[in-house]
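K.L.:
Prediction below, plus the sequence it came from.
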Amino acid sequence: MSRIIIFLLIFAVPVFAGNVRLKEPPGELKKYYPPESDGYPFVELMHNLSISLTATISSIEEKDWKRGERWVLAFKKNYFEIGKKVRKWDKLLKKKAVENLVLSVQKKDLKGFKQNLQIVGKSCIQCHKNYKISTRVIYRFPSFHAVSIEDPVTEREISYEDYMKKMTDDMKRLKIYVLDGKRKKALRSGVDFVKRFESLKQSCSDCHSGEDSTNLYFSDKVKKGLSMVKDGLRRIEKDKIFEGLKFIGVYNCTKCHNTHIIQAELQERFKTR
Ligand code: HEC
Ligand code: HEC
Ligand code: HEC
């Protein structure tokens, strides 16, 4: 019996801890992030909240109740401001506990201070658990849905996702036709792939500034990979093509996905942008 309990303790905890659930934050937050806002006023509020809370606690630790009163009032103002900025979150706030926190400082009541601090602290943790990551994913990162991109093969504007699908399809077909010895079809897929790959660069400058974006896209290794593919296509040389595609895959596709795809796919799940 006791073994089961030990087993559960060791193995059950990580399993449950591994389940992440993210809630969709209220749309009102959009106002407090670029491009609608110049800066990050909601994040700034969080910093002020955090500073005023730490200052309150350190004042009380130092038994400087007068300084503590000044800071706890600043904390209260910041805390209540959450509900003013984001109306839907007003009901999540433990306002009564904050009122009592202020009273406890005014009455120099250490026990009451600690009790109410715990309730307030839990409200920070609870909201962060549900909303911190989702808010960052949705509002801190510009959306790829807003980036329109012209497909050089069909000459139509398509979504980023569809562009990725088409370009990947060209790449897979190129590999398959090369392996199956279908030279004409391999050449056609290869030419489309190169067109789409070269043209994807146009999209980087939507968010990255000029000179910079070219280097981000065409590093020396990617240039080398691309010229290997182009070279290999002339006489459909399998090794050159595959080696070139590997360079492109590692130093372009994967590098870019490492920074961009998680946000883009999570935003897609939330469907808010
Ligand atoms: C901006 C840098 C960037 C580069 C460079 C890039 N991708 Fe992507 N890729 C993305 C983003 C962003 C998405 C997610 C799009 C979305 O879901 O809205 C994506 C999605 C994909 C998908 C999934 C499409 C689907 O079915 O939803 C595939 C496959 C893919 N990319 C392949 C490639 C390949 C192959 C290359 C290189 C030849 C490449 N990508 C280069 C950014 C990039
Ligand atoms: C009702 C929701 C909510 C409550 C309550 C809340 N927060 Fe936050 N907090 C957030 C969200 C959402 C973020 C993420 C914002 C972002 O990074 O863009 C955040 C981020 C933060 C950050 C990190 C800012 C940064 O630059 O990374 C700090 C520090 C913070 N909160 C402190 C606190 C403290 C201290 C409390 C309690 C006294 C608190 N918060 C209560 C929603 C809340
Ligand atoms: C929708 C906006 C958007 C588009 C389009 C975009 N990026 Fe980014 N990219 C960002 C943001 C935001 C960051 C985070 C760093 C920053 O703020 O500069 C970033 C960071 C990166 C990074 C890692 C940091 C660095 O500077 O090395 C790479 C690599 C990158 N992008 C490549 C690309 C490439 C290549 C393209 C075009 C195929 C592209 N991105 C298109 C928004 C975008």
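P.N.:
Yep, it's here. Ligands and ions are numbered 1, 2, ... in the order given.

K.L.:
hey, let's count contacts and neighbours off CA atoms from now on
P.N.:
Fine.

K.L.:
Enumerate every residue touching Gly68.
P.N.:
The contact partners of Gly68, taken as CA atoms under 8 Å, 6 or more residues apart in numbering, are 55-57, 59-60, 105.

K.L.:
What helix or strand is it located in?
P.N.:
Taking DSSP states H and E as the criterion, Gly68 maps to helix 65-85.

K.L.:
Around Asp38, how many other residues sit close by?
P.N.:
The burial metric for Asp38, expressed as a neighbour count using other CA atoms under 10 Å, is 10.

K.L.:
you'd agree it is in a strand?
P.N.:
No: going by DSSP: H, G, I helix; E, B strand; the rest coil, the assignment for Asp38 is coil, not a strand.

K.L.:
Pick the one among the contacts of Gly68 closest to Glu155.
P.N.:
When these are compared for distance to Glu155 (CA to CA), Ala55 wins out at 59.7 Å.

K.L.:
tell me which element that closest one is part of?
P.N.:
When secondary structure is defined using DSSP H and E, the element that contains Ala55 is helix 41-61.

K.L.:
residues in contact with that helix?
P.N.:
In this structure, residues lying in contact with helix 41-61 by CA under 8 Å, 6+ apart are 29, 32-33, 65, 67-69, 71-72, 74-75, 78-79, 82, 85.

K.L.:
Of these - the most surrounded one?
P.N.:
Scoring those on neighbours with other CA under 10 Å, the highest-scoring entry is Val72 at 28 neighbours.

K.L.:
For it, give its distance to Phe193.
P.N.:
Between Val72 and Phe193 the distance is 62 Å, computed by CA to CA, to the nearest Å.

K.L.:
Run the chain-centre distance for the helix holding Gly68.
P.N.:
Distance of helix 65-85 from its chain centroid, counting by CA atoms, centre = their mean, to the nearest Å, is 30 Å.

K.L.:
what mean pLDDT would you report for it?
P.N.:
Rounded to a whole number, the mean pLDDT of helix 65-85 is 98.

K.L.:
Send me that helix as CSV with only the CA atoms.
P.N.:
Once non-C-alpha atoms are left out, helix 65-85 reads as follows in CSV (Å, rounded to 0.1, in the frame of the first residue of the first chain):
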residue,chain,number,x,y,z
TRP,A,65,4.8,51.3,9.5
LYS,A,66,4.7,55.0,8.3
ARG,A,67,6.6,54.2,5.1
GLY,A,68,4.5,51.0,4.8
GLU,A,69,1.3,53.0,4.8
ARG,A,70,2.5,55.2,2.0
TRP,A,71,3.4,52.2,-0.1
VAL,A,72,0.4,50.1,0.7
LEU,A,73,-1.8,52.9,-0.5
ALA,A,74,0.2,53.1,-3.7
PHE,A,75,-0.2,49.3,-4.0
LYS,A,76,-4.0,49.6,-3.6
LYS,A,77,-4.2,52.2,-6.3
ASN,A,78,-2.2,50.1,-8.7
TYR,A,79,-4.2,46.9,-7.9
PHE,A,80,-7.6,48.6,-8.4
GLU,A,81,-6.3,50.0,-11.6
ILE,A,82,-6.2,46.5,-13.1
GLY,A,83,-10.0,46.4,-13.0
LYS,A,84,-10.2,49.9,-14.5
LYS,A,85,-8.0,49.0,-17.4
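
K.L.:
for the record, mean pLDDT for stretch 89-101?
P.N.:
For stretch 89-101, the mean pLDDT works out to 98.

K.L.:
typed the wrong thing, it's stretch 52-61
P.N.:
Taken as a whole, stretch 52-61 has a mean pLDDT of 98.

K.L.:
Likewise for stretch 230-247?
P.N.:
Confidence for stretch 230-247, expressed as mean pLDDT, is 97.

K.L.:
heads up, I number from 52, so please use that
P.N.:
OK, 52 is where the count begins now, so the last one is stretch 281-298.
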